[in-house]
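Peer 1: Using only what follows, build the 3D model:
(one chain, ligands or ions: 2)
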Amino acid sequence: MRTPALPPSRLPTRIASAILLLCCLTACQEEREHSADLFIFGTIAQVKLWGAGDEQANRAFAEVQQMFQGMHRDWHAWQPGLLTDINEAFASGRSIRGDPQIVEMIRRSQDYERRSGGRFNPAIGELVGLWGFHTSEYPIIGPPPSGAEIDALLAHRPSSLDIRIDGLQLSTANPHVQLDFGGIAKGYAVDLAIARLRQLGIDNAIANAGGDLRAMGRHGDRPWRVAVRKPGGGVIGAIEVRGDESLFTSGNYERFRQDARERYPHILDPRTGWPAQGLVSATVIAPEGLAADAAATALIVAGPGDWPAVARDLGLDQVLVIDEAGKVHQTPAMAERVRFTGNVDHVVVPLGAKPVPEPGAE
Ligand code: AMP
Ligand code: MG
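Peer 2: Numbers count the residues shown, from 1 in each chain. Ligands and ions are numbered 1, 2, ... in the order given. Reported below is the predicted structural model:
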C-alpha cells in the first residue's frame, strides 16, 4: 500500500520530493512479488509472496523448503522414515510414539473416514501396495491383482478408526492398518507452510503444487488468480481466491496401472478394493488444504451418483466434478466463481441429492 504523503504545497519542494521518493521506494519494495520453486513430495510447489522484503522472503523460502523436506522424510508411505516405522510397529502389534503432525493427520483422517462413509481411508496402505501404487514411476504396466488377493486384504477391514491415540503414543489391535497419507499429505503440507509464513509476518502468499494450493491475502490490489485443472492436462477455467482458502483436484488420469485391456487408476474404493470409477476429476475449495485434499479424494470414490451427498456430509459447498463424458457438474456456490476458458458443457447440481449409506450397507 502507498503511504499518503503530506500535500507537497505545504512543504519546501526538496523535502516534498524526498518524501515522495521515499514513499515510492517503500511502496515499490513492498509491492514486489517474490517467487520460488520448492520441492514437495517429488514435485514442485511454486510459492509466491506479495509485499515481503527480500530478506524476509529468502528466509521464508528456506524455512518452507526445509519443512517440505522433513515432511517428505517423515510421511513417506514406502521409503524408510517415521511413517514406515509406525506401520512396522502396527504390523507387529507394538505401540509407537508419533509426532504432533502425524497424530493430527490421523485424527483428521478418522473424522474424514467416518464422515465419508469409509470412502476416504488412509489405513489401506496394504491395498495401495498390492496394486503397485507405492511407486513414483507411472504408468505401471501389467495386470491388476487377483480378486482373491484383494478380498484377502479387505477381509482385515483396515481403518484409521482402529488406531488408538494416547498423547503422541499410537497403537492398534489391527496389524493390517498401514497408513498411506497420499490423499492428504499435500493438503496438510500447504496448511503448515502458509501457517509458518504467517508466523514470519507474511500476509499475502500462495503455495501452489501443480494446481493444488492454499492462498492467503491478495496479490497486491487484486485477488490471487488460480487455474482449475482438467483431466489430461490443461486448464478448464479460472478462479479468484478470496482471502484464505485452498483448492485441490483429485483425478484418475495421471497415476494408473494399465494392461492390454484397461486402465486402473490409483484412487481405490476402500469398500471394494478396486479403483474408483465414474468421475475423472473432483475439485474442492475449502478453507484448509487438508480438508480440500481429503474431500477431493473421497469424492472421486463417491462417484457420479453419491458425490453431492458425500460433499454435504463433509460440510463442503464448493465442488466441481468432471464425469467420463467430460461434462462438468458443479455446486451452486462453485458455479458462481468459476470462469470457464472456452465452451464447457456444464450443469449445476444441488448439494446432498441422496443420503450416504453407512459403511458396509452397500
Ligand atoms: P489424491 O491424489 O489426493 O486423491 O490422493 C491419492 C492417493 O491417496 C493415492 O495415491 C493413495 O496413496 C491414496 N489413496 C488411494 N485411495 C484412497 C482412499 N480411498 N482414501 C485415502 N487415500 C487413498
Ligand atoms: Mg486428496
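Peer 1: make it CA atoms for all contacts and neighbour counts henceforth
Peer 2: Noted.
Peer 1: Just confirm Ile202 contacts Asp54, I think it does.
Peer 2: No. Counting by C-alpha atoms under 8 Å, Ile202 does not reach Asp54; the two are 11.9 Å apart.
Peer 1: of those two, who's got more company?
Peer 2: Counting neighbours by other C-alpha atoms under 10 Å for Ile202 and for Asp54 shows that Ile202 has the greater number, 21 against 14.
Peer 1: Which helix in this structure has the most residues?
Peer 2: What stands out as the longest helix in the chain, according to DSSP state H, is helix 289-313.
Peer 1: Mind checking the pLDDT average for the helix or strand that that one is followed by?
Peer 2: Next helix or strand after helix 289-313 toward the C-terminus (DSSP states H and E): strand 318-323. Mean pLDDT, strand 318-323: 97.
Peer 1: try stretch 178-189
Peer 2: Here stretch 178-189 scores 98 as its mean pLDDT.
Peer 1: Report whether it contacts ligand 2.
Peer 2: Yes. With C-alpha under 5 Å from the ion as the threshold, stretch 178-189 lies in contact with ligand 2, specifically through Gly183, Ile184.
Peer 1: Ligand 1 contacts on this protein?
Peer 2: Of all the residues in the chain, those in contact range of ligand 1 (C-alpha under 6 Å from any ligand atom) are 119-122, 180, 182-184, 250, 266-270, 293, 297.
Peer 1: ok, 8 Å please
Peer 2: Residues of the chain found near ligand 1, taking C-alpha under 8 Å from any ligand atom as the criterion, are 77, 113, 118-125, 128, 133-134, 180-186, 248-251, 255, 266-270, 275, 293-294, 296-298, 300-301.
Peer 1: In strands, which of these fall?
Peer 2: Phe248, Thr249, Ser250, Gly251 (DSSP state E).
Peer 1: Which helix or which strand is home to the closest residue to the last one other than its chain neighbours?
Peer 2: Of all residues beyond its chain neighbours, the one nearest Gly251 is Ser281 (4.1 Å), with distances taken as C-alpha to C-alpha, 6 or more residues apart in numbering. Assignment of secondary structure by DSSP H and E places Ser281 within strand 279-286.
Peer 1: Let me know the angle separating that strand from strand 318-323.
Peer 2: For the pair strand 279-286 and strand 318-323, the angle between their directions (axes from the mean of the first three to the mean of the last three C-alpha atoms, to 10 degrees) equals 170 degrees.
Peer 1: helices or strands next to strand 279-286 in the packing?
Peer 2: Where contact means 3 or more C-alpha pairs under 8 Å, 6 or more residues apart in numbering; DSSP states H and E, strand 279-286 is packed against strand 245-251, helix 289-313, strand 318-323.
Peer 1: quick one: it near ligand 2?
Peer 2: No. Contact of strand 279-286 with ligand 2 (C-alpha under 5 Å from the ion) is absent, the minimum separation being 9.5 Å.
Peer 1: That strand versus strand 245-251: what angle between them?
Peer 2: Using the same axes, to 10 degrees: strand 279-286 against strand 245-251 is 170 degrees.
Peer 1: could you list every residue that touches the residue nearest to Ala298 when sequence neighbours are not counted?
Peer 2: Setting aside the residues directly before and after it, Ala298 is nearest to Phe120 in space (C-alpha to C-alpha, 6+ apart), at 4.8 Å. If you count contacts by C-alpha atoms under 8 Å, 6 or more residues apart in numbering, Phe120 has them with Ser109, Tyr112, Glu113, Pro270, Ala294, Ala295, Thr297, Ala298, Val301.
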